[in-house]
Every structure is written in structure tokens, then in C-alpha cells.
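A.B. asks: The sequence and its predicted three-dimensional model are supplied below.
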Number of protein chains: 4
Amino acid sequence: MCRWLAYSGTPVLLEDLLYNRKHSLIDQSLHSRLGAETTNGDGFGVGWYGESETPAIFKSVEPAWNDRNLRELAGHVRSGLVFAHIRASSGTPVQQTNCHPFRYGRWLWMHNGAIAQFHDVKRELMLEIDPTLYPHVEGSTDSEAFFFLALTLGLQDDPPAAVARAVGLIERVGRNRGIEHPIQMTVATSDGVRLWGFRYSSEGKSRSLFYSTLVSTLREVYPDLAVLQELSDESRLVVSEPLGDLPGAWNEVPESSYGVIQAGQDEMHPFTPQSPS
Amino acid sequence: MCRWLAYSGTPVLLEDLLYNRKHSLIDQSLHSRLGAETTNGDGFGVGWYGESETPAIFKSVEPAWNDRNLRELAGHVRSGLVFAHIRASSGTPVQQTNCHPFRYGRWLWMHNGAIAQFHDVKRELMLEIDPTLYPHVEGSTDSEAFFFLALTLGLQDDPPAAVARAVGLIERVGRNRGIEHPIQMTVATSDGVRLWGFRYSSEGKSRSLFYSTLVSTLREVYPDLAVLQELSDESRLVVSEPLGDLPGAWNEVPESSYGVIQAGQDEMHPFTPQSPS
Amino acid sequence: MCRWLAYSGTPVLLEDLLYNRKHSLIDQSLHSRLGAETTNGDGFGVGWYGESETPAIFKSVEPAWNDRNLRELAGHVRSGLVFAHIRASSGTPVQQTNCHPFRYGRWLWMHNGAIAQFHDVKRELMLEIDPTLYPHVEGSTDSEAFFFLALTLGLQDDPPAAVARAVGLIERVGRNRGIEHPIQMTVATSDGVRLWGFRYSSEGKSRSLFYSTLVSTLREVYPDLAVLQELSDESRLVVSEPLGDLPGAWNEVPESSYGVIQAGQDEMHPFTPQSPS
Amino acid sequence: MCRWLAYSGTPVLLEDLLYNRKHSLIDQSLHSRLGAETTNGDGFGVGWYGESETPAIFKSVEPAWNDRNLRELAGHVRSGLVFAHIRASSGTPVQQTNCHPFRYGRWLWMHNGAIAQFHDVKRELMLEIDPTLYPHVEGSTDSEAFFFLALTLGLQDDPPAAVARAVGLIERVGRNRGIEHPIQMTVATSDGVRLWGFRYSSEGKSRSLFYSTLVSTLREVYPDLAVLQELSDESRLVVSEPLGDLPGAWNEVPESSYGVIQAGQDEMHPFTPQSPS
């Protein structure tokens, strides 16, 4: 439904992430190869961590390929932790409050996929959101409701466990309504220090998700590729679909898994929804 | 916070209602005289009943004084039952789903005023909305929540009673939270046949509301005013503030009252919130 | 680059032209089959003749497939002469003043294609526009400049001759600059009574253009097709690409030709640019 | 017609210039005190010099007081040379290409005021723009035409002389058409190093323009004002109207004058239009 990109590493200009690639995210807004829809023209959003306490967010309802302000910012904003998302609406209105990434305090969240028959389960899910968090929901998407469920269930303390609980809750509510496959998802979230990426779907056929190979490894394989010299060993991209065709550069996140991008060794673990007690 | 206009009568071009007046609604978007804010530039909406089952709605987040599409439509669309609303946001985002009028089936609804501390009471009020209506809420305003509460409480059967119940509910919920004056409102609603206008506030100092004098009376006073010859005796305007300075043309709706514009004799009654049992 | 539709005939709701088809224009905004680009998401416009002297125009920079206002209007506006255009920008900004159709008095104009290297020839072409018309140019596209050249050269008196002169001028200016194929075009224009459609390109490989078969003929072939009973014999569509797959319903406009849709017999003639003297 | 602000000095967050003031520019968008219009809600723009060769520009057609993206950027972008402009259209369309500041290479330009009867003189003025610059004009305002005339007449070599020539040209063209007072202006322009501010009108009653008192002087008068400790002695604001009420902080630019903000001593000189030979 959507395409997204998350980056952690050496501070770079946004344009190096969003535009200067063979099959960049902006190119994917017009011509996605692996998405459920080839066109992702229903708004976009970019979030980045900078000098302020909370990350910045820039959102627009225009298609990303058209947006002059995005082009301007991308050439002037530099960050070491960036989220970018292009949207193909599955029905909810095209408005800034429905664009990803969503933010709460220092946390960013973006989602590709859907809560099945959201129309039917929305009320029940919204009621599960902590009453003190509830008024912070601004838009009408399943993705934002999912974010606030994860916040309610402990995202800020233990992200993998909170997401597992939120997915477990969504699956229980959906199945109680006779929905066979209640959720389809890839998700990225961050607190400005670490970055988590999830791939899961109730039916076990999840939307695509890839992470970039270790920069140190790529440097050995491509000693002449200048861009690799500028990036720290810690630099990593997580993307809905590869940004180019460099052999060996992209690795698929396995079904029902999540990864953690962090200082030192990154990690990959299985992901299992957790039924609420 | 906002300004609005409702018209029922001889079908006229929208431009005759919205533009061709000394102190038109479009003029009020820049220079309101009686509003809480002089500028009402946070989007607008127009609804009208035409040949289709459901009324049409045109909404925009641009200031009304700027919108070329509104100017175009106003010169080409003719209707005998029109709602128009210019918004001055009290905090919720400026997006089409937050612009008035709101629609459900054949019903239109618009509101000037606010539910006090809506942030604090929103969750509790949203829970009172009928679960089958709940998924139809699209935006995030107090005004739309108010509409769906009225629908839940019988708007389609007995509008004055349903609005009285909804206001009673809002006041109870607010006062339970220690809010002294839970609601401030003028409201217009219609099913395409009759038109109801309400003026009320918990503190008894309600936003202004006016209705136009009977066309037959005006014709006697101003026998030379051409526009009056074109309008049926049944034609009537209800407005947040008078559209011009014609002496005798505008009458204030009394505090805590509602009026009904309908075929035959229009009516005015006291309005009393009804505590939910 | 773009897709368009022009309709003349029995007054119909816009939605019957724009939405209720297998391969409607709105569908083409996401998935064009014959266009130079598959996505036409850089704004759109609709023009229609109604009760007012001048035709109405509704334009938006949002993709047509997203626009709720267009959906609303389409269900409530009825007209017997309609222009609709979805844009894929060839570089000029996405803004309402660059959306088609363009209007001057009672005349509408829309264009698919491009003036080659417009950046290089724009100044010279703008100087050829009549000084009294020049201030009415609002946007920055080649298509609008082309319209005002045609107006300068007699569009209101003899449309085919004026377009032939304008194309001759564009080709002369382009070739003086060493541009091999100065123009690529399909064009629709109307004065509210007749409708002209042109297909031409300097290289002789013009963008596609189709017109619908006579309603009387279609009725004989498809006696059971209800929609055909509602349309007058005079009803006709001219489109960039067929709106459906009904065999026998669509006919290609020949290379270097123009057609006239009018009361009585419609006409088709060869089109030859006319060098300015 | 508009309000603007130009800043040169110690790099600061945009929000310190745009929001955190008693009578900030954003506040002026709703409630200007000295402008020809109290509301400046017809779009806005911000330009700033950063790490890239060319300055960044962010423009929007929404009123500045509403724009969430501006609020976000203002909290994350830091610059030592900033232009900001809020627009009250004098008739030309509200679109990004008509928002100030305008940019050419490293140059920024913004304008308050108008070329009188621009509709009548536009063609003649556009013809005076250098043919190689002409295609870079993107919008339809008098202000952008004025910028390109100044570029044509040497802005990049000698800004005060070029502006004097451009104004002389505009006055000659206007007066040839019988326009009594052809121009009304305050203008700011910069190459990223120096900043020039102009105040002039043909009738000698120019729009207001102010510059801030030397930081070193203010520090002596207000030794306890913390913000002054953070700003270098070179820091300077030029504004359409004062951003606050601090006595002694604001000085009116005299009629028919221009100032230069630069490393070392700033300058103020008389401004006299120069008739083209």
C-alpha cells in the first residue's frame, strides 16, 4: 500500500537518501516494483532527528514526486536518523494527519500494510488506547491507531514486546469479528537512538522488507565505490524495496522477524504476536 | 470561532448568498464584526441540496476569500437549501474532514462555538456514539462529535429533542470533569426539507444568531427592492451575523432558543438541554 | 503527457462521464494505457457550460483519483458540454493556473502534448500574443501560450484556421531554433455551441485521439444497452483513449485531422499548419 | 500588502525569528498593525542560507499561522541569514510560484508594495527582461518581474545601482501610460553575504520599514536581557514593522533610502531611481 525507508548512520543530506538513487523512494512514488500498488501518490512524510529534543516532521498531501518543498529541504537538511514514507491510501482521507511517520514525544512510527476491515474494528481498538494517550490521536488511519496501541502497551519500555502485544490484540479483536487475516505489516519505529524494523502478517505472506548489507562488507566488495568511504560502519538502511540494483547490497528481512539497528552489533529476531492475557 | 449561513427558499445562485452582499459571508472570512475572531481563514465548506438523494458538499482548507473554485461554483450552482460555513480553528487541524458542514445521509450539520476542553472529554463523548455510526466520524473536531451524538440520540426522528439530549450529555460529561461552561453553540441542521437553527450556551451568553424578516413584510417596507420580488414568501436566511445593514431585515434569535424553517408557518421555541436519564 | 475527454450532447451528470466507466478518465489518472506516462497525477480540471454566460471551471492540484470535491461535484452537476483533463506535467509547476482547461470569455481549450523545448521559445511566442490578450495569461504552460496564440490569430472567428496559423507559427519559431519537431498535440476547444478536436504533430506521430460512434448506429448494434436510449443522436465523446472496450464504439481520429461536433452532421477534415505570411 | 523580515547575524533557529516574539511575523499574518491590510493570509515563504551553494526556500499557499510544516521547520532549521515573507495578494493568484522570496542562483529577493496597474504594463516590462533570464520567471507577480528586471540591470554586480535602474525603468514605463505613482516598495535582497534593504515609492509615501538597533548598544541599555548576550554585534533585523515594543530597539528607515548589512560597519544611503538612458 505504501513504501518506506529508514536510515541510521553517518549524517547525510536527505537528498542522498530520497533522490540520488537509481530506484529512489521518490522514483518509487511513481513506479514501485514490489508494492501492492505501483503508484504511491497519496501524500508523504519525512521525519528526522536533529538538534531539538523531538524529531522534526514534514508532511504533505501532494505526491512526493511533485513536491518542491521536499526537494528544497532534502538539499539542506542533514541527519543521522531519518524516516521517509510515501502513501497509497487504502481508503482513509488524504490529509497531513494521515501521513506517516507519526510522532509521540521522541518516538517516530511508520507502517506499510493494513489492519483488515479497519472500519469494523476501529471503535473497539480505539477504546484500548490509554485514555491519557487518546487525545493525541490526530488522524483516522489504522496505522496511527496501531502506534497508539503499541504506546499503550509499553513501546517506550520494550518496543518488540509492545508491538507483539499490539499485534496480538489486533488479531484477537479481528478474529472475534470473523476476520481471517487481521493484520498485514512492516513497521519502523525509533526513539532517536535505536531503530526497530518489523515484518509480519497474519497470513504469513508479509509485504517485502530489506536491510542494507554492512558497510564494511560492501567496502570490501566495492573498494572503488566512493559513497561507501563516507559512511560509518554503523550506517544502515531498512527499506520496503531495494533502492538500486547493487548485487549483494540488500538482504530480505525474513518472514515474522524484527531487527534492531543500534550502536554495536545489530540484531535480528523472530517476531511472534503475544495474546493479551 | 466561525461564521455560518443557512438558506431555505426560492432556488438562487450560491453567489447571491455568498458574495453579492455588503457584508457577505466571504467578506466576513476576512472581517467578521461579531465573531470571537475577526479572521475566519481556516478552511470553509458549502453544502447544498440538489437533484441527488444526498446533498453535495464542497470543502477546502484555503481561506474562502481566496478560493477560485468556490467563486466558480457559486456562479453556476443554484439551490433552494444551502449551508455555508467559514472556519476559525480552535486548535484542531485545518483539513477538509474538519470543515463544516458535516453530512450523514440526507442530513447536514454545522456549528459555531466549542465543546469546552474538548481534549479532556473527547474519549468519553466518542464512546457515547452509536457503534454503527462511529466509523463514519472522519475528522477530529468537537463539532462533528456533537453531530454524531445528536444522530445517536435521535436527530433523524426529532431534531430538537435529539439536540437537547446531546447538549445535556455534553454538559453532564463536562461538569463531571469540573468544566463550568461545557458548551457554546449555534447550530444549523437540515434533512433537505426543514431547517433547524439553535442558539445556546451553558453560560447563557451565546454566540450571535439572526434570522431574516419575512419576505412579505420586507416587500411592504421596501417596495422598490428588486431582489425581494424574486424571492418566495417562504425564503429565509439564518446567519451568524447580518449580511447587510438593511433596517428591519434581521432579527436576533433569543438566548436558549431554536427555530424551524419549514413549509407554512416557521416556528421559534425555547431550547432546554435534557439530562440523559 | 496528459489525458482528456470532451463531451457534447444530452445533459448528463459529470459522474457518468468521469467515473462510471470501465476505463474512466479517473481510472486513467492512475493507469493510462495509451499515454506517454501511465500516471497522470499532476492536477486536473473540469469545465462545463451551464446557465451562466461563461463556462464554469473547477481545477485542483491534487491527483484526480483522490479529489473528494471532484467526486461531490460530479454527482451533482449536469451539463451538455463538458471538458475534463488530467495532467502529467512535463516540467512546469503543478498549480491551478497550469491546469487545463483554459478559459477566455466563452471559450475553453485543453491540450495533450507539448511545444518542444518550450523553455527556449517561450519568450518569442509570448511576444506574438496580442498585447490586449497578454495580461490574461495566468500560468506558465506551453498549452496556455498556444491557446492565446490561437486567440490572437482568430480562434473566435475561424477556429480551424486560427489553430492552423498558431501551429504554423510555433513550427516556424521552433525550426528557426533548430528544433526538429516543434509541436505534438491533441487539442479540444469550444465556444459553448460547437466543439473542435485536433490531432497533429510535426513528426507525424501524434498522440492518440478517438471519437465515439454515432449513437443511432450504436443503438442498432446494441439494442439492449440502456444508456444509449437516454442519449440524443447528437451526443458525442472525443477522448485521448477509449473509456471502455465496447466493440465498434470508438474510432481513431486520423493523423493530421480535425473534427467538428455540431448540430446536424459532424465533420472531419485534414489539418495542415499554415505558415504565417 | 505584505509583511517581511530579513535577518543577518548569529545563526539562530527560525522559530526565534518567526514565532517567539510579542508581535512576531506569524502574529502579523493575522493582525498586522502597519500594513495596508491587517490580514496577510495569502501564502508565505521562508528562505535561508545554509550549507548548500544556493539558499533553501520553503513556500506554502496556506496562511502562515496555520502551517504545521513551517512550525516544524522553524524548530529545527538554524541559519545566520534568513528571509521571511507573508503575502496579502493584490490580485495575482495564490500559488507557490507567486510567494516570496524569489531566488536566482545565490540571490534572494522579496518585496512589499506593488507596481501600479501591473496588468497594463506587464508585457512591456517583461520584454525588458534579458532573454536568457526570461525563462526563469515562474510566477505572475509584479514582484518577481521587478526582481528579474533588477537582475537584467546588474543586480549581481551592483545591487543599489541595479535597483535604481529597475525602478527608473518601471517609473518611465508607468508614466508613459499615464500612471501617476508607478511604484510602491520595500525590498530586501541578498547574495548570501551582504543584505540590502530599500524603501521607496513614487509618491514619496512609502510602506514602513525598520531596522534593529546595534546589539552592542542594546546590551548597554538592557544589560539583563539574556537574548542579547547570545547575539553577535553584527546581528541585525530589517522588518516591515517592529516585532515587539522594546523602547529603542527599532529605527525607521528614512524615505527614499537603502541600507547595507555587511561585515563591519553597516551603511545607509539615499535612494534615487535612475532613468534608463
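C.D. replies: It's in.
A.B. asks: The lowest-mean-pLDDT helix or strand in chain A and chain C, are they touching?
C.D. replies: When the helices and strands of chain A are compared on mean pLDDT, DSSP states H and E, helix A:25-31 comes out lowest with a mean of 77. Yes - Helix A:25-31 is in contact with chain C by CB under 8 Å from any CB of the partner chain, via A:Leu30. The way it works is simple: take the backbone N, C-alpha and C, and place the C-beta from them, glycine included.
A.B. asks: got a list of contacts for that helix?
C.D. replies: A:3-5, A:17-19, A:21, A:35, A:38-41, A:44, A:63-65, A:84, A:86, A:239-241, A:243, C:39 (CB atoms under 8 Å, 6 or more residues apart in numbering or on different chains).
A.B. asks: near chain D, which of those show up?
C.D. replies: Among those, none lies close to chain D by the criterion of CB under 8 Å from any CB.
A.B. asks: mind listing what's buried in the least confident helix or strand of chain A?
C.D. replies: For helix A:25-31, a neighbour-count test (16 or more other CB atoms under 10 Å in any protein chain shown) marks A:Leu25, A:Ile26, A:Asp27, A:Gln28, A:Ser29, A:Leu30 as buried.
A.B. asks: Could you report the distance from the first one to A:Asn112?
C.D. replies: Spelled out, it's A:Leu25. Separation of A:Leu25 from A:Asn112 (CB to CB, to the nearest Å): 12 Å.
A.B. asks: what residues are shared contacts of the two?
C.D. replies: By CB under 8 Å, 6+ apart, A:Leu25 and A:Asn112 have these common neighbours: A:Arg3, A:Trp4.
A.B. asks: What residues does A:Gly173 make contact with?
C.D. replies: You called it Gly, but residue A:173 is Val. By CB under 8 Å, 6+ apart, the neighbours of A:Val173 are A:Val121, A:Glu124, A:Leu125, A:Pro182.
A.B. asks: at 10 Å what do you get?
C.D. replies: A:Ile115, A:Asp120, A:Val121, A:Lys122, A:Glu124, A:Leu125, A:Leu127, A:Glu128, A:Leu149, A:Ile179, A:Pro182, A:Pro276 (CB atoms under 10 Å, 6 or more residues apart in numbering or on different chains).
A.B. asks: same question, A:Arg78
C.D. replies: A:Arg78 touches A:Thr10, A:Pro11, A:Val12, A:Leu13, A:Leu14, A:Glu15, A:Asp16, A:Trp48, A:Gly50, D:Gly50, D:Glu51, counting by CB under 10 Å, 6+ apart.
A.B. asks: Make a PyMOL selection of the buried ones in the residues you listed.
C.D. replies: Those of those that count as buried under 16+ other CB under 10 Å are selected in PyMOL with:
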select buried, (chain A and resi 11+12+13+14+15+16+48+50) or (chain D and resi 50)
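A.B. asks: Counting only strands, which of the contacts of A:Arg78 make the cut?
C.D. replies: A:Thr10, A:Pro11, A:Val12, A:Leu13, A:Trp48 (DSSP state E).
A.B. asks: Looking at those, which one is closest to D:Ala166?
C.D. replies: A:Leu13 (35.3 Å; CB to CB).
A.B. asks: how far away is the closest residue to that closest one other than its chain neighbours from A:Leu5?
C.D. replies: Computed as CB to CB, 6 or more residues apart in numbering or on different chains, the closest residue to A:Leu13 that is not its neighbour in sequence is A:Arg78, at 5.3 Å. To A:Leu5, A:Arg78 is 16 Å away according to CB to CB.
A.B. asks: With A:His31 instead?
C.D. replies: 16 Å.
A.B. asks: any chance you could map the helices in chain A?
C.D. replies: For chain A, applying DSSP state H gives helices covering A:14-18, A:25-31, A:68-74, A:118-128, A:142-152, A:159-176, A:215-221, A:226-230.
A.B. asks: between the ones you listed, which gets nearest to D:Leu214?
C.D. replies: Closest among the helices of chain A, using CB to CB: helix A:68-74, at 33.0 Å.
A.B. asks: what residues does the stretch 51-200 of chain A put near chain D?
C.D. replies: Applying CB under 10 Å from any CB of the partner chain, we find that the stretch 51-200 of chain A lies next to chain D at A:51-60, A:68-79, A:96-97, A:103.
A.B. asks: Buried subset of those residues, written for ChimeraX?
C.D. replies: A single ChimeraX command is used to select the members of these judged buried by 16+ other CB under 10 Å:
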select /A:54,55,56,57,58,59,60,68,69,70,71,72,73,74,75,76,77,78,79,96,97,103
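A.B. asks: Quick one: end-to-end distance for stretch A:45-62.
C.D. replies: Stretch A:45-62 has its terminal residues 10 Å apart, counting by CA to CA, to the nearest Å.
A.B. asks: Is that stretch positioned near chain C?
C.D. replies: Yes - counting by CB under 10 Å from any CB, chain C is contacted by stretch A:45-62 at A:Val61, A:Glu62.
A.B. asks: any bit of that stretch sitting next to chain B?
C.D. replies: Yes - under the criterion of CB under 10 Å from any CB, stretch A:45-62 makes contact with chain B via A:Val61.
A.B. asks: any idea how far A:His119 is from A:Phe102?
C.D. replies: 20 Å.
A.B. asks: Can you get me a residue count around A:Asn112?
C.D. replies: The local packing of A:Asn112 (other CB atoms under 10 Å in any protein chain shown) involves 28 other residues.
A.B. asks: Done for today, thanks.
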